[in-house]
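>>> next input, structure requested:
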Amino acid sequence: MAIKIYKPTTPARRHTSVLASDDITASQPQKRLVISGQKMAGRNNQGKITVRHQGGGQRKKIRIIDYKRDKFDIPAKVASIEYDPGRNARIALLNYTDGEKRYIVAPIELKVGEKLMSSKKLIEFKAGNAMPLLVVPPGMFVYNVEMMPGKGGQLARSAGNAIYLMGLDGGHAQLKMPSGEIRLVSDKCLATIGSVSNQDYKNIRWGRAGRMRHKGIRPTVRGKAMNPVDHPHGGGEGNNPIGLKNPKTPWGKPALGVKTRRNNRISDQMIIARRHTKKRHK
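Got it, this is the predicted structure:
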């Protein structure tokens, strides 16, 4: 997979790049594994905007992904590698020997025709195979990792991500997350061997505002460009500083560097080391 850059025929094209789709082998998804995506535009069940800068966007057909990988000890053949508008990673269509078809998050360099399997016991350490962390040797990279046994993969599902298995002890597996956080999960949790596909996604230059609107991302206005009634940073004649010791949100709450994680969460006891954060100089 590679980044494609076009000739700069326009100012927008000069700063735009796209991801080559040479790895995609099917243009149409399986109809039984597709549902219509519902647009919320950042609104809750009362119609109030709870997440700003969302709305519009291209209409999407969401693929149903098998995160649980609970068809144990049944071989499956990779039928195709496909694009999914609901995620930045590629997905793979698996044809099981019993006739069922399922989508999974594809690992790097997965090829059509390969055989994959999910099992609760030790099987081949092959990218795309799923097994409990208990039988995975320390030092391997895994993705689509469960946080609770049987709940389905929740960790490391984005393009290019992988989790480093540091060790096993006392019924828990010690994982180093992509963010640098080190946490414990049960060693009975399933994980998929390898790293998530489409690792070049982070290198895309979107280039113009229109491409962001197609993704459903609306413009963001600076607070200092607003009026005082609309934002704590607003007001003044000309280009002025915000006039505050620390930046604020539109509702007057501290922004940038303020911890937002709720205190005394149940999972706090499973976190050994927090993710790497930059030290702020006073």
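>>> so how far is Ile193 from the residue nearest to Ser195 when sequence neighbours are not counted?
The shortest distance from Ser195 to any non-neighbouring residue, by C-beta to C-beta, 6 or more residues apart in numbering, is to Ala162 (3.8 Å). The way it works is simple: take the backbone N, C-alpha and C, and place the C-beta from them, glycine included. Noted for Ala162: a distance of 10 Å to Ile193, by C-beta to C-beta, to the nearest Å.
>>> my guess is the residue nearest to Ser195 meets Pro178, correct?
Yes - using C-beta atoms under 8 Å, Ala162 is in contact with Pro178, at 7.0 Å.
>>> the more surrounded of the two?
Between Ala162 and Pro178, counted using other C-beta atoms under 10 Å, the more crowded position is Ala162 (22 against 17).
>>> and the longest helix belonging to the chain, how far from the chain's centre?
Identified as the longest helix of the chain according to DSSP state H is helix 209-214. Taking C-alpha atoms, centre = their mean, to the nearest Å, one finds the center of helix 209-214 at 20 Å from the center of the full chain.
>>> got it, and stretch 55-73?
Relative to the centre of its chain, stretch 55-73 is centred 12 Å away, using C-alpha atoms, centre = their mean.
>>> what does stretch 149-167 give?
Distance of stretch 149-167 from its chain centroid, counting by C-alpha atoms, centre = their mean, is 11 Å.
>>> and the pLDDT at Lys279?
Looking at Lys279, its pLDDT is 48.
>>> likewise the one 3 residues further on?
In this prediction, Lys282 carries a pLDDT score of 41.
>>> list phi and psi for Gln174.
phi -100, psi 120 (degrees, to the nearest 10).
>>> that one reaches Leu184, doesn't it?
Yes - under the criterion of C-beta under 8 Å, Gln174 makes contact with Leu184 at 5.9 Å.
>>> next, show the common contact partners of these two.
Counting by C-beta atoms under 8 Å, 6 or more residues apart in numbering, the contacts common to Gln174 and Leu184 are Ile272.
>>> sorry, back to before: shared neighbours of Ala162 and Pro178, which are they?
Common neighbours of Ala162 and Pro178 (C-beta under 8 Å, 6+ apart) are Ala156.
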